[in-house]
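# take this sequence and fold it.
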Amino acid sequence: MPGTDSRSDGGATARDDQDGRGAPGTTTGPQDDVKPADPAKVEAAIKAQSGTGSYFGTGKTFVSVAGVKGGTPLVIYEGDAQGAGQVMVSGRWFSAPGEAVAPARFLQATGAEIGGTVTLTDQGRSARLKLVGEIFDLGDQGMAVRADAASVAQIVPDVKLDHFTVDLASGKDKGDCLDGLNTQVKKVGGIATSSDDSRTSTVIVVMQSLIAMLTAMLVVVACLCVLNTVVLDPANGSTTSGSSRRWG
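Predicted coordinates:
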């Protein structure tokens, strides 16, 4: 359930800050009437859908790391997340409990190295992880650590999954599978979307409807900002780009 991950949170980068530790002052719109989906029910719908293959879920929280000011993003994986579509710069993807990967900026900020360890803490609990790979990741300001749920269970015992990345079974039609998934997951507060516009892609991303709604809101706001920079000059009927400024 939020980096440049082409298969998971990079497919849909909006994040559900259910833990209340999102960016200070961030406003995303009214949410009082929107209930987050039950990850267990979404996962059950994925398993029941004909045509789906392997899948994994992701969730995000924030932890403390020595040498880093503020919260450090921690992306947690459950399921068959081998590789997860990330571009490896060096080393390898995590494959055993106690392992993690991180981008270059995190390594620079902490002074950590591939093959070394990093300690994540949260509310007095800690998890010591071995960094086994560097990934190319510009999301989260290049500071997100990624690990399997089992590796951080002592500090995040209840992972809030908000994205599920699903591979299609061999020979299955993506459109049919996508329609079938949406029929089921929308009943439990989820939504399924393709990770790209190609019908040859074998990846579908399932997320909470709330996240999809926030993503749409952000896109609308971005479009409005762009339109706001185009100003009509009534004198000659032309348009000029830029922002108007009042001089006192």
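# show me what the strand ranked longest in the chain is packed up against.
Using DSSP state E to assign secondary structure, the strand with the most residues in the chain is strand 52-65. Contacts of strand 52-65 with other secondary structure elements, assessed using 3 or more CB pairs under 8 Å, 6 or more residues apart in numbering; DSSP states H and E, are made with helix 39-48, strand 72-79, strand 117-122, strand 163-168. Quick note: C-beta positions are derived from backbone N, CA and C, even for glycine.
# of all those, which lies closest to Q184?
Shortest distance between Q184 and the helices and strands packed on strand 52-65, using CB to CB, is found for helix 39-48: 3.9 Å.
# what mean pLDDT does that closest one have?
Averaging pLDDT along helix 39-48 gives 86.
# which positions in that helix come out as buried?
P39, V42, E43, A45, I46 (16 or more other CB atoms under 10 Å).
# span of stretch 74-85 from start to end?
Terminal residues of stretch 74-85 lie 17 Å apart, using CA to CA, to the nearest Å.
# could you do stretch 82-90 as well?
16 Å.
# so for that stretch, mean pLDDT?
Rounded to a whole number, the mean pLDDT of stretch 82-90 is 83.
# who's A192 bridged to?
Bridge pairing for A192 (DSSP bridges) gives the partners V206.
# just name the shakiest helix or strand of the protein by mean pLDDT.
None of the helices or strands of the chain scores lower by mean pLDDT, DSSP states H and E than strand 230-233, at a mean of 46.
# quick one on the thing from earlier: which single one of the buried residues of helix 39-48 is nearest to K130?
Using CB to CB, P39 is the member of these that lies nearest K130, at 27.6 Å.
# quick check: that closest one touching A149?
No - under the criterion of CB atoms under 8 Å, P39 makes no contact with A149, lying 11.8 Å away.
# tell me the helix or strand right after the one helix or strand A100 maps to.
In the assignment (DSSP states H and E), A100 maps to strand 99-103. Next along the chain after strand 99-103, taking DSSP H and E as the criterion, comes helix 104-110.
# same for that following helix, what does it pack against?
Where contact means 3+ CB pairs under 8 Å, 6+ apart, helix 104-110 is packed against strand 125-135.
# each with direction, which strands does the strand it packs on pair with?
Within its sheet, and counting by DSSP bridges, strand 125-135 is paired with strand 88-91 (antiparallel), strand 99-103 (parallel), strand 117-122 (antiparallel).
# if anything else comes up later, I'll come back, but that's it for now.
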